[in-house]
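J.: curious how this folds, go ahead:
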Amino acid sequence: MKRAIIYMAVVTVAIGMLFTVKTKAVAIAGNGAPNGAHYNLNIIGVTKDKTAFMDSGIGHRIFVPLSGKIKINLLPGADFAVLDANGTDSNGATFSLPNPDPDNDGVTSYTVWARALGKPGGKSVTTPCAYLDGVEYCSTSNVVLVRDKGKSSFTNVTSQLLYVYIDLDGDGVEERYPLFDSALQDYFWSYDNNGLKLAQFRFYQN
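T.: This next block holds a predicted model:
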């Protein structure tokens, strides 16, 4: 097992050293992602809002505004699935995924890898958030994807995307809550887009 610590420039991490998320050692392909079967999720930035019905649960893509912040609502499920692909309306998008770490022991049942694609110059910030008694809490850790010129490689973003790091009890020390932990409710990813046309996320079972 090895620690999932990110050093690549395309991802910004703000996690204290108190937490370690462990992922299985894997063989890496030329694009920076592991070899093997995976679920692929494309988040596509568009200039015009979508009006078509997109709640069929079919497809591996979510449409978001090319500029602006939206919610990708998260629901626990047995598998990965896009339940509402339209993130350009007032309801945001909805994505179903398995509980990544039910015991909150830092060992996830799957890993997440991300890269920025499309025309160079775009950027997105994805932050895990949730609610408690109607108050919104967002993690101090997030995933920043920047589309630079040249080849774009995947980076392991498991610890940033599947946990919320917050000081919930107000003691000055951050706690770690995996997605769907009962301490919080209504988990979602806050997706803040600044011109990124395509963010690609891959999910690999351990």
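
J.: going forward, measure contacts between C-alpha atoms and count neighbours the same way
T.: Will do.

J.: any low-confidence regions in this structure?
T.: Residue ranges of the chain with pLDDT under 70: 1-29, 57-58.

J.: report the contact partners of the residue nearest to the spatial centre of the chain.
T.: Most central in the chain under CA atoms, centre = their mean is residue 161, positioned 4.1 Å from the mean C-alpha point. With contact taken as CA atoms under 8 Å, 6 or more residues apart in numbering, residue 161 is in contact with 112, 126, 127, 128, 142, 143.

J.: tell me the one among the residues you listed nearest to residue 68.
T.: Nearest to residue 68, judged by CA to CA, of those is residue 126 at 11.9 Å.

J.: which element is that closest one on?
T.: strand 123-132 (DSSP states H and E).

J.: what helices and strands are in contact with that strand?
T.: Strand 123-132 sits against strand 135-138, strand 143-146, helix 158-161, strand 163-166, strand 185-194, with contacts defined as 3 or more CA pairs under 8 Å, 6 or more residues apart in numbering; DSSP states H and E.

J.: circling back to that earlier point, looking at the contacts of residue 161, which is nearest residue 205?
T.: For the contacts of residue 161, the nearest to residue 205 is residue 112 (9.1 Å; CA to CA).

J.: now the angle from whichever helix or strand the closest one is part of to strand 123-132?
T.: In this assignment (DSSP H and E), residue 112 forms part of strand 110-117. Put simply, strand 110-117 runs at 140 degrees to strand 123-132, going by axes from the mean of the first three to the mean of the last three CA atoms, to 10 degrees.
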